[in-house]
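S.K.: Generate coordinates for the sequence data below:
(chains A, B, C and D)
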Number of protein chains: 2
Amino acid sequence: MADKATQAPFTISQLAAEFGLTTRALRHYEDQGLIAPQRRGRARLYSSRDRARLALILRGKRVGLALSEIKEILDLYALGDGQHAQMRATRAVLLERAAALRAQRVDIDLALAELAQGLEWIEQRLTVPVLALVDVAIASAYDAEARRRLDE
Amino acid sequence: MADKATQAPFTISQLAAEFGLTTRALRHYEDQGLIAPQRRGRARLYSSRDRARLALILRGKRVGLALSEIKEILDLYALGDGQHAQMRATRAVLLERAAALRAQRVDIDLALAELAQGLEWIEQRLTVPVLALVDVAIASAYDAEARRRLDE
DNA sequence: TTCATGCTTGACGTTTACGTAAAGAGCCTT
DNA sequence: AAGGCTCTTTACGTAAACGTCAAGCATGAA
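M.R.: Purely as a prediction, here's the structure:
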């Protein structure tokens, strides 16, 4: 019944391996106050609770939260008083993040559109046989702008 | 006919203002070998050609190219020999960028989906009247995982 | 001549999330 | 006792694109 491989107290390298992280990353999270495993001597011992906490941290990372933001949320729940207040605060953070992500998405779409234009421009010059040199001279937006005035 | 305000040779601050950049940024582009205006004494004088080049640089930035990548493309066209070869190289870079952007968009979508889940989770706990505490206890994925085994 | 501006070249600082040594401690095995 | 392995702390390094002084020329106006 009891798994022997990954049980109760985990060493840092066990947890790192399980989540595909480096031990450095885990120590870093600790440095930043995101997690604080017990010690047996100096060595860290991660409990299941710590493991769950780490899972939350990684969730935060996946949605693009900074470690500092994740810490804020985690700290909120540490207080554990007015549940609703914490939830509302967390919701605010997440909504902000969602808005930021959507904004990023828009930027990406714009960038893709501009890229498509550039590619189209190039594709034409690569496709059109040497005959259509006229078109090239006309359609060239870049060159047009660059050559309109050749001062200096 | 001739605009007096922004004409032929531009000073660094003029160009910066026109494109909404800082002079530092322009000097940085120069440091990185992206542009090289003439000098009158030590002062930089940007020609229309430089201005067009800067416009291209900013295009590159908008689509998410690194300055080093923009430089590569620019350098390619500086050679000016086999046109097609340059275009193909540029196309390759742009296609790569497009692929990267699409990948980023997928990541964002995944993040948004995960965020939506988290928000839903929170929203329920905020909405559901105190009566449905049972549901709370059952549905809680995070808590379920965290509480299943409270070792230590 | 003296100022105010605007330009110049260094050159270190910033941000984020770790990477990468370096040097040592603790524990188990041979 | 000597390795060998995993753990520890300390601390500088990294990447990108500039930001932010600092200190000094240069030029046109007063």
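
S.K.: contacts, neighbours, all on C-alpha from now
M.R.: Fine.

S.K.: Work out which residue lies at the spatial centre of chain A.
M.R.: A:Gly64 (3.8 Å; Cα atoms, centre = their mean).

S.K.: how about it, secondary structure?
M.R.: coil (DSSP: H, G, I helix; E, B strand; the rest coil).

S.K.: count of residues packed around A:Ala99?
M.R.: Residues lying near A:Ala99 (other Cα atoms under 10 Å in any protein chain shown) number 13.

S.K.: Can you give me the distance of it to B:Ile108?
M.R.: Per Cα to Cα, to the nearest Å, A:Ala99 is found 11 Å from B:Ile108.

S.K.: what pLDDT does A:Ala137 get?
M.R.: For A:Ala137, the model assigns a pLDDT of 43.

S.K.: same check, this time on A:Pro37
M.R.: pLDDT, A:Pro37: 98.

S.K.: Over to A:Ser47?
M.R.: 97.

S.K.: Wait, it touches A:Pro37, no?
M.R.: Yes: with contact defined as Cα atoms under 8 Å, A:Ser47 and A:Pro37 form a contacting pair (7.1 Å).

S.K.: which one of the two has more residues nearby?
M.R.: A:Ser47 (21 against 18).

S.K.: Give me the phi and psi for the more buried one.
M.R.: Taking degrees, to the nearest 10, you get phi -90, psi 170 for the backbone angles of A:Ser47.

S.K.: Could you find the closest non-adjacent residue to it?
M.R.: Nearest-residue entry for A:Ser47: A:Pro9, 4.9 Å, with adjacent residues in sequence omitted and distances by Cα to Cα, 6 or more residues apart in numbering or on different chains.

S.K.: pretty sure that neighbour is touching A:Asp50, no?
M.R.: No: when contacts are counted by Cα under 8 Å, A:Pro9 is not listed as touching A:Asp50 (9.4 Å).

S.K.: pull the longest helix from chain A.
M.R.: helix A:83-127 (DSSP state H).

S.K.: Now do that one: which elements does it pack against?
M.R.: helix A:67-79, helix B:83-127 (3 or more Cα pairs under 8 Å, 6 or more residues apart in numbering or on different chains; DSSP states H and E).

S.K.: just to revisit the earlier point, ok, now which ones touch the residue nearest to the centre of chain A?
M.R.: The contact partners of A:Gly64, by Cα atoms under 8 Å, 6 or more residues apart in numbering or on different chains, come to A:97, B:111.

S.K.: now do 6 Å
M.R.: Contacts of A:Gly64 were listed using Cα atoms under 6 Å, 6 or more residues apart in numbering or on different chains, and none were found.

S.K.: Let me see the backbone angles for A:Leu65.
M.R.: phi -80, psi 140.

S.K.: Once you drop chain neighbours, what's closest to it?
M.R.: In this structure, A:Leu65 finds its nearest non-sequential neighbour in A:Arg97, 7.2 Å apart by Cα to Cα, 6+ apart.

S.K.: and that neighbour, how many neighbours?
M.R.: 18.

S.K.: same check, this time on A:Asp107
M.R.: By the measure other Cα under 10 Å, the count of residues near A:Asp107 is 17.

S.K.: And the pLDDT at it?
M.R.: 96.

S.K.: go on, the one 3 residues further on?
M.R.: What the model reports as pLDDT for A:Leu110 is 97.

S.K.: hang on, A:Arg44 in a helix?
M.R.: No: per three-state DSSP, A:Arg44 lies outside any helix segment and is strand.

S.K.: just to revisit the earlier point, tell me which of the helices and strands packed on helix A:83-127 sits nearest to DNA strand C.
M.R.: helix A:67-79 (4.4 Å; Cα to the nearest atom of the strand).

S.K.: list the buried ones in that closest one?
M.R.: Neighbour-count burial for helix A:67-79, counted by 16 or more other Cα atoms under 10 Å in any protein chain shown, picks out A:67, A:69-74, A:76-77.

S.K.: Would you check which pair of these lies furthest apart?
M.R.: Using Cα to Cα, the buried residues of helix A:67-79 span at most 15.5 Å, a distance reached by A:Leu67 and A:Tyr77.

S.K.: low-confidence ranges in chain A?
M.R.: Where chain A drops to pLDDT under 70, the residues are A:1-6, A:80-82, A:129-152.

S.K.: try it again with 50
M.R.: A:1-4, A:132-152 (pLDDT under 50).
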